[in-house]
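>>> Give me a model of this one.
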Amino acid sequence: MQPGMIFGICGVVSGIIGMLTLGTIFIPLGAACTVISLWRAIASGSGSGIGVSLLSAVVVLIGFITSPALWVAFGLVAAAPH
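The predicted model follows:
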């Protein structure tokens, strides 16, 4: 299997599970898997790994958009004083 594929597939699965159940747990997990997958795929030059990573990023982004709980969490973090 190409580098980045395993984490990319985990990111897609986590994103889909996050859309259907607990988005506050699975969407951040999917985002972490996506970042790791993309990093590994780019480092090795794996085209299929990059493709799965980008698919994972799209699924995680859609999961974030459809999760109001994550909107609130992100808003609270963005509004915190620095």
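
>>> which residues touch the closest residue to residue 39 other than its chain neighbours?
Spatial nearest neighbour of residue 39, chain neighbours left out: residue 4 (7.8 Å); criterion: C-beta to C-beta, 6 or more residues apart in numbering. Every residue, glycine included, has its C-beta placed from N, CA and C. Under the criterion of C-beta atoms under 8 Å, 6 or more residues apart in numbering, the contact list for residue 4 reads 37, 38, 39, 40, 41, 42, 44, 46, 49, 50, 52, 53.

>>> and if we set it to 6 Å?
Contact criterion C-beta atoms under 6 Å, 6 or more residues apart in numbering gives 37, 40, 41, 46, 49, 53 as the residues in contact with residue 4.

>>> Next one: it, what pLDDT does it get?
The per-residue pLDDT reported for residue 4 equals 80.

>>> Now do the phi/psi pair for it.
phi 90, psi -10 (degrees, to the nearest 10).

>>> That one and residue 26, how far apart?
To residue 26, residue 4 is 20 Å away according to C-beta to C-beta, to the nearest Å.

>>> Could you list the low-pLDDT ranges of the chain?
Applying pLDDT under 70 to the predicted model, the residue ranges of the chain that meet it are 76-82.

>>> which residues in it form helices?
5-20, 23-44, 47-65, 68-79 (DSSP state H).

>>> Please name the residues that touch the residue most central in space within the chain.
Residue closest to the mean C-alpha point of the chain, counted by C-alpha atoms, centre = their mean, is residue 31 at 2.4 Å. Contacts for residue 31 (C-beta under 6 Å, 6+ apart) come out as residue 60.

>>> Please tell me how far it sits from residue 37.
Counting by C-beta to C-beta, the gap between residue 31 and residue 37 amounts to 11 Å.

>>> Next: residue 6.
According to C-beta to C-beta, residue 6 stands 8 Å off from residue 37.

>>> Among those two, which residue is more densely surrounded?
The neighbour comparison of residue 6 against residue 37 (other C-beta atoms under 10 Å) goes to residue 37, with 29 against 16.

>>> my guess is the more buried one meets residue 54, correct?
No. Under the criterion of C-beta atoms under 6 Å, residue 37 makes no contact with residue 54, lying 9.5 Å away.
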